[in-house]
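Novice: Give me the fold of what follows.
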Amino acid sequence: MLTGEGASPAGVPGNSGTDDDEQLLLALRRRDEQAFATLVERYHARLVRLAGLFVANQAVAEEVAQETGIGVLQGIDRFAGSSSRSAPDSSAS
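Specialist: Prediction:
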């Protein structure tokens, strides 16, 4: 169960810098509710846009993004931290 309702996790401001993302991951591992809210606020729209490239309509894209958030919570303890959290640069060859 998540903890920290109403509290802001230390070191998790609103911007999405690499160090900030590391702090966010640590807070997620502690099941901090505010960290999850920050994650959703920061990445939900991007996930919906990405999902929209693969599914037929907006409602399904929203559902895919929601399921992704659930998957993050379920798998956060297995995340090694060495993976990239952004899409690879398609211009790099």
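Novice: Report the buried residues of the top helix by length along the chain.
Specialist: The single longest helix within the chain, with elements called by DSSP state H, is helix 33-52. By neighbour count on 16 or more other Cβ atoms under 10 Å, the buried set for helix 33-52 is 33-40, 42-43, 47-48, 51-52. For the C-beta atoms, the positions are set from N, CA and C on the backbone; glycine is no exception.
Novice: Closest to residue 23 out of those?
Specialist: residue 35 (8.4 Å; Cβ to Cβ).
Novice: before we move on, the earlier item: let me know the average pLDDT across the longest helix of the chain.
Specialist: For helix 33-52, the mean per-residue pLDDT is 94.
Novice: and residue 54, which of the three is it?
Specialist: The local conformation at residue 54, judged by DSSP: H, G, I helix; E, B strand; the rest coil, is coil.
Novice: how many neighbours does it have?
Specialist: By the measure other Cβ atoms under 10 Å, the count of residues near residue 54 is 9.
Novice: what residues are up against it?
Specialist: Neighbour list for residue 54: residue 64 [criterion: Cβ atoms under 8 Å, 6 or more residues apart in numbering].
Novice: From residue 64, how far out is it?
Specialist: Separation of residue 54 from residue 64 (Cβ to Cβ, to the nearest Å): 8 Å.
Novice: Ok, residue 53 next?
Specialist: 11 Å.
Novice: Neighbour count for these two, which is higher?
Specialist: Using other Cβ under 10 Å as the criterion, residue 53 and residue 64 rank with residue 64 on top: 16 against 7.
Novice: my read: that one touches residue 51, true?
Specialist: Yes. Contact status for residue 64 versus residue 51: in contact at 3.8 Å, counting by Cβ atoms under 8 Å.
Novice: Can I get stretch 60-73 in CSV, CA atoms only?
Specialist: Written as CSV, here are the backbone C-alpha positions of stretch 60-73 (Å, rounded to 0.1, in the frame of the first residue of the first chain):
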residue,chain,number,x,y,z
VAL,A,60,-8.3,3.0,-25.2
ALA,A,61,-5.1,5.1,-25.1
GLU,A,62,-6.1,6.5,-21.7
GLU,A,63,-6.7,3.0,-20.4
VAL,A,64,-3.3,1.8,-21.7
ALA,A,65,-1.7,4.7,-19.9
GLN,A,66,-3.6,3.8,-16.7
GLU,A,67,-2.6,0.2,-16.9
THR,A,68,1.0,1.3,-17.5
GLY,A,69,0.9,3.2,-14.2
ILE,A,70,-0.3,0.1,-12.4
GLY,A,71,2.4,-1.9,-14.0
VAL,A,72,5.0,0.6,-12.7
LEU,A,73,3.8,0.2,-9.2
